[in-house]
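Novice: Sequence and computational prediction follow.
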Amino acid sequence: MIAVDTNLLLRLVQADDPVQQARVNALFKTGKLMTAPATVMLELV
């Protein structure tokens, strides 16, 4: 299981850096099980 942090989710949502966004997209497309702690979700909002 992969623990997702705020930085990964921000790169996915903001798309401010094409290179980092491509890496995050590739990670999410792997289909691996991921989790995001509640604190990460709170930071994102």
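Specialist: The structure has been received and is ready for your questions.

Novice: What are the buried residues along stretch 23-42?
Specialist: Applying a neighbour-count criterion of 16 or more other Cβ atoms under 10 Å, one finds 24, 36, 40 buried in stretch 23-42. Just so you know, the C-beta spots here come from the backbone N, C-alpha and C atoms, and that holds for glycine as well.

Novice: can you dump the C-alpha coordinates of the longest helix seen in the chain into CSV?
Specialist: Ranked by residue count, the top helix of the chain under DSSP state H comes out as helix 18-28. Extracted C-alpha coordinates of helix 18-28, given in CSV (Å, rounded to 0.1, in the frame of the first residue of the first chain):
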residue,chain,number,x,y,z
PRO,A,18,4.0,19.2,-16.1
VAL,A,19,6.9,16.9,-15.2
GLN,A,20,5.7,16.2,-11.7
GLN,A,21,2.1,15.9,-12.8
ALA,A,22,3.1,13.2,-15.3
ARG,A,23,5.0,11.3,-12.6
VAL,A,24,1.9,11.5,-10.3
ASN,A,25,-0.4,10.4,-13.1
ALA,A,26,1.9,7.4,-13.8
LEU,A,27,1.8,6.4,-10.1
PHE,A,28,-2.0,6.6,-10.0
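
Novice: Work out the gap between that helix and the centre of the chain.
Specialist: Taking Cα atoms, centre = their mean, to the nearest Å, the mean C-alpha location of helix 18-28 is offset from the chain mean by 9 Å.

Novice: what's the following helix or strand after that helix?
Specialist: With elements assigned by DSSP states H and E, the helix or strand that comes after helix 18-28 is strand 34-35.

Novice: Pull up the pairing partners for that following strand, direction included.
Specialist: strand 2-3 (parallel) (DSSP bridges).

Novice: what is the mean pLDDT for the strand it pairs with?
Specialist: On average, the pLDDT along strand 2-3 is 94.
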